[in-house]
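Novice: Sequence below, structure please.
(chains A and B, ligands or ions: 1)
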Amino acid sequence: MVKKVLKTFEIDYLQVLDEHGKVDESLMPKVTDDDLKKLYENMILVRTFDKKAFSLQRQGRIGTYLEVRGQEASQVGSTYAMKDKDWLFPMYRSTGALIVRGQPMTRMLQYWGGDERGLISPDEFNNFPIAIPVGTQALHALGAGWASKLTGDGLVSVVYLGDGATSKEDFMSAMNFAGVYNAATVFIVENNQFAISTHRDEQTGSETIAQKAIAFGFEGIQVDGNDVLAVYKVTKDAVDKARRGDGPTLIECYTYRMGDHSTSDDAARYRDQKEVEEWAKKDPIDRMEKFMTEKGLLDDTYKDKVQADSTAAVKEAIDAYEKVEPANPEDIFTYMYAEMPTQLKEQFEEYKESKK
Amino acid sequence: MVLANAVTAVTMALRGELKRDKSVVLIGEDIGLNGGVFRSTDGLFKEFGKDRVIDTPLSELGIAGAAVGMAVNGMKPVAEIQFSGFLYASFDQLVSHAGRIRGRSRGRFTCPMVIRAPAGGGIRALELHCECNEALFAHTPGLKVVYPSTPYDVKGLLAAAIRDPDPVVFLEPMRIYRAIKEEVPEEDYVIPLGKANVVREGTDMTIITWGALVKYTLEAVEKIKDKVNVEVIDLRTIYPFDVEAIIASVKKTGRAMVVHEAPRTSGFGAEIVAQINEKALDSMEAPVVRVTGYDTVLPFANLENEYIPSEKRIIAGIHKVMDY
Ligand SMILES: Cc1ncc(C[n+]2csc(CCOP(=O)(O)OP(=O)(O)O)c2C)c(N)n1
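Specialist: Just a heads-up that it's a prediction; the model follows:
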């Protein structure tokens, strides 16, 4: 008879920049001052856009919107590690990631305003359309990363998921395939503690989400999702690893959804405001400002300029959005197939007739 | 009697069934403390507790498959899927198992479960939140499909669905969730599945429709009532459907039209046309017309009204039938 411990596992956690703005130099990623500024500027731009989009929804100028607030570091820090042509598989809350990835803010407003054209990726990037059914994008990312591995195109795919999405079969299949095929895929789970009203603890019996990777045979790590430096560092390592052909990584960004789930939600129904206030003290931007001030990279003039530039860029995007030509209704028919099938052709003619 | 909208009618039916039958349990995402994304389970968590109004992890496949297991083991799960587009994630369990257990076990196991979801467009919701997918489920052997059109019907049909011995897909027209308020009895009543409702009597032609489009068809019909006297049938249950009511009506009027939001090809309208063809062809004075969505994806908010049958299209359809 043999009884022994077959395997034991550990899950790493990384924080570089703490909530007081103090950095552990030994853990610092390789970044220039210019990188630090870009990370900061992107976070401010994301927050500025996010606030504005929320108020546009309240004014009825766009439809439902899902705020990024609180998750700026998770998104900006991770996308910053990607190359332009790498594949991004965003979810509905990935506005921050999309901004870093060159998705025009005007198009994002178009999307939330009910216009398909908002999903069009700029040619210089590979931004897949936002996933609305939770978790489904995980498999597409796996497929793209698997293809990169097979074709050797040198690209990596990065997918964004919420903690809720880790309960979906799509996520588990994607993780499993990724482990089997060593796909060039990085799974980023923004664990913001909630899936609408469902708390993380009710979502899974696992102590961490990062440990789910172990079951699929690859590395999982938890990182302080409000620390843009830690997120960047971990993602950069994961992206480099995937590009080398050394397989997938699961990154759990431990963060918090500061807003309601969406503009149709009311979080007061299910969570304690005190918890929100506690998390406000861990704000990703505040701590970056403290750190950069200390380092001599940030003063009032620079800070004001960053804010002013962001405000102007967002305003320009909104102005452009409100001037966008209405979509051609015929697009409903023309983009269904490469060649329009007989039945649809007949209906298309009938549609045109009905408009006379 | 209470003045209720369709959401409140759902809550009333669920409360009634939870009280009536200890084996009834509600399962779904955010249906507990939060009361569901549309608040259709509002207050039930407090009233019946966490073992009867159960928040699940985020998995529609999990919800549907778990419901099958609960149902065979003596419970009556009533599952909520937040939006009709997320029913697709449940599809495998509904098609491969829920609809087949009775047959595969030759009656030894049965699957009395209900899976509810808001359905249909018209409220500028996000993509995949407003799918018109009743035909997929009607085409699935072993499932019943219910699609009510008013608060009164919601309560009576949902109660009947929960008491039904077989799996029922219960589609709730999102567009009229809060658009119609009417008197709904607090007392228990059921509206039998499989029975249509003649919501407007007429002599010139018959329109068969269901869900949110019942309201909008009636409005269109009122506009031209001086010219055409239309009979309107609210199908209420898509499967099994009330073919007798349809045939009786078209034999009387001799003309018919089907109105639905779902794409035309293989839409449920096609089945109705086939039934009329088989059972009442001799009585028909004109081909049956279909006014439907197109064979396209339901467009995003800005263009959805180009897709959903409009009053104008319904009236044009009526003229086409009458002018034949
Ligand atoms: C398959 C599916 N089911 C349900 C929904 C409705 N829904 C939208 S977001 C959401 C919660 C998702 O939570 P999580 O994955 O943690 O991401 P978060 O929204 O918190 O960023 C739900 C249930 C959906 N969009 N897709």
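Novice: what does the stretch 151-300 of chain B put close to chain A?
Specialist: B:Arg264, B:Thr265, B:Tyr294, B:Asp295, B:Thr296, B:Val297, B:Pro299, B:Phe300 (C-beta under 8 Å from any C-beta of the partner chain). Placement of C-beta: from N, CA and C, glycine included.
Novice: These, buried ones only, as a PyMOL selection?
Specialist: Selection of the buried residues among these in PyMOL, burial being defined by 16 or more other C-beta atoms under 10 Å in any protein chain shown:
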select buried, chain B and resi 264+294+295+296+297+299+300
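Novice: Neighbours of A:Glu41, how many?
Specialist: Using other C-beta atoms under 10 Å in any protein chain shown, A:Glu41 has 17 neighbouring residues.
Novice: got it, and A:Asp84?
Specialist: 12.
Novice: Just the pLDDT for it.
Specialist: The model reports A:Asp84 with a pLDDT of 97.
Novice: Okay, it and A:Asp123: tell me how far apart.
Specialist: A:Asp84 is 10 Å from A:Asp123, where distance means C-beta to C-beta, to the nearest Å.
Novice: Pick out the most distant pair among the residues of the stretch 151-300 of chain B next to chain A.
Specialist: The distance between the two most remote of those (C-beta to C-beta) is 21.7 Å, for B:Thr265 and B:Phe300.
Novice: beta partners for the residue of the stretch 151-300 of chain A found nearest the ligand?
Specialist: As assessed by C-beta to the nearest ligand atom, the ligand sits closest to A:Gly162 within the stretch 151-300 of chain A, at 2.0 Å. Beta-bridge partners recorded for A:Gly162 (DSSP bridges): A:Glu190.
Novice: what about the stretch 1-150 of chain B, any weak spots by pLDDT?
Specialist: Scanning the stretch 1-150 of chain B for pLDDT under 70 picks out nothing.
Novice: Now residue 72: closest residue in space, sequence neighbours ignored.
Specialist: In the absence of a named chain, this looks at chain A. A:Met43 (4.4 Å; C-beta to C-beta, 6 or more residues apart in numbering or on different chains).
Novice: sorry, should have said chain B
Specialist: B:Phe109 (4.6 Å).
Novice: what about the one you found, which SS state?
Specialist: Secondary structure of B:Phe109, reduced to three states by DSSP: H, G, I helix; E, B strand; the rest coil: coil.
Novice: burial of it, as a residue count?
Specialist: Per other C-beta under 10 Å, the neighbour tally for B:Phe109 reads 13.
Novice: before we move on, what about A:Arg107?
Specialist: 22.
Novice: most residues in a single helix of chain A, which one?
Specialist: helix A:33-58 (DSSP state H).
Novice: before we move on, what about chain B?
Specialist: Longest helix in chain B, counting by DSSP H: helix B:6-20.
Novice: quick one: the helix or strand that that helix is followed by to helix B:6-20, angle?
Specialist: Remark: after helix B:6-20, the chain's next helix or strand is strand B:24-28, criterion DSSP states H and E. Using axes from the mean of the first three to the mean of the last three C-alpha atoms, to 10 degrees, the direction of strand B:24-28 lies 140 degrees away from that of helix B:6-20.
Novice: So the next helix or strand after strand B:24-28, near chain A or not?
Specialist: Counting by DSSP H and E, the element after strand B:24-28 in chain order, helix or strand, is helix B:44-48. No: contact of helix B:44-48 with chain A (C-beta under 8 Å from any C-beta) is absent, the minimum separation being 10.3 Å.
Novice: Packing partners of helix B:44-48?
Specialist: Under the contact definition 3 or more C-beta pairs under 8 Å, 6 or more residues apart in numbering or on different chains; DSSP states H and E, helix B:44-48 sits against helix B:6-20.
Novice: what sits up against the helix it packs on?
Specialist: B:2, B:4, B:24, B:26, B:38-44, B:47-48, B:52-53, B:76, B:78, B:116, B:148, B:150-152, B:154-156, B:158-159, B:162-163, B:172-173, B:176-178, B:180, B:184, B:186, B:188 (C-beta atoms under 8 Å, 6 or more residues apart in numbering or on different chains).
Novice: close enough to count as contact, A:Ala184 and A:Asp153?
Specialist: No: between A:Ala184 and A:Asp153 there is no contact under C-beta atoms under 8 Å: 9.1 Å.
Novice: The very next helix or strand once past the longest helix of chain A near the ligand at all?
Specialist: Counting by DSSP H and E, the element after helix A:33-58 in chain order, helix or strand, is helix A:72-79. No: between helix A:72-79 and the ligand, judged by C-beta under 6 Å from any ligand atom, nothing touches; the nearest distance is 10.2 Å.
Novice: Which elements pack onto helix A:72-79?
Specialist: The contact analysis (3+ C-beta pairs under 8 Å, 6+ apart) places helix A:72-79 against helix A:33-58, helix A:95-100, strand A:157-162, strand A:185-191, helix A:228-244, strand A:249-254, helix A:284-294.
Novice: What pairs with the very next helix or strand once past it, parallel or antiparallel?
Specialist: Counting by DSSP H and E, the element after helix A:72-79 in chain order, helix or strand, is strand A:87-89. With DSSP bridges as the test, strand A:87-89 is paired with strand A:126-127 (parallel), strand A:157-162 (parallel).
Novice: Tell me how far the first one lies from the chain's centre.
Specialist: It stands for strand A:126-127. Distance, stretch centre to chain centre, for strand A:126-127: 13 Å (C-alpha atoms, centre = their mean, to the nearest Å).
Novice: what's the answer for the last one, then?
Specialist: Shown here is strand A:157-162, whose average C-alpha point lies 6 Å from the average C-alpha point of the whole chain (C-alpha atoms, centre = their mean).
Novice: just the angle between it and helix A:228-244, please?
Specialist: 140 degrees.
Novice: May I have strand A:157-162 exported as PDB, CA atoms only?
Specialist: The C-alpha trace of strand A:157-162 is given here as PDB (Å, rounded to 0.1, in the frame of the first residue of the first chain):
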ATOM      1  CA  SER A 157      -4.200  36.600 -27.700                       C
ATOM      2  CA  VAL A 158      -5.400  38.200 -24.500                       C
ATOM      3  CA  VAL A 159      -8.900  37.700 -23.200                       C
ATOM      4  CA  TYR A 160     -10.800  39.700 -20.500                       C
ATOM      5  CA  LEU A 161     -13.300  37.900 -18.300                       C
ATOM      6  CA  GLY A 162     -15.100  38.700 -15.100                       C
END
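Novice: avg pLDDT for that strand?
Specialist: Rounded mean pLDDT across strand A:157-162 is 98.
Novice: Beyond that strand, next helix or strand please.
Specialist: Following strand A:157-162 toward the C-terminus (DSSP H and E): helix A:169-181.
Novice: So what's the model's average confidence on that next one?
Specialist: For helix A:169-181, mean pLDDT rounds to 98.
Novice: For it, name the packing helices and strands.
Specialist: Helix A:169-181 packs on helix A:137-151, strand A:185-191, helix A:212-215, going by 3+ C-beta pairs under 8 Å, 6+ apart.
Novice: Columns mean pLDDT and mean neighbour count on top of these, output as a markdown table?
Specialist: Output for those, formatted as a markdown table (pLDDT from 0 to 100; neighbours: other C-beta atoms under 10 Å in any protein chain shown):
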| stretch | mean pLDDT | mean neighbour count |
| --- | --- | --- |
| helix A:137-151 | 98 | 22 |
| strand A:185-191 | 98 | 29 |
| helix A:212-215 | 98 | 19 |
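Novice: and of these, who's closest to B:Ser96?
Specialist: helix A:137-151 (19.8 Å).
Novice: What residues does the residue nearest to B:Val72 make contact with?
Specialist: B:Phe109 touches B:Val72, B:Ile101, B:Arg102, counting by C-beta under 8 Å, 6+ apart.
Novice: Among the residues you listed, which lie within helices?
Specialist: Reading helices off these with DSSP H, I get B:Val72, B:Ile101, B:Arg102.
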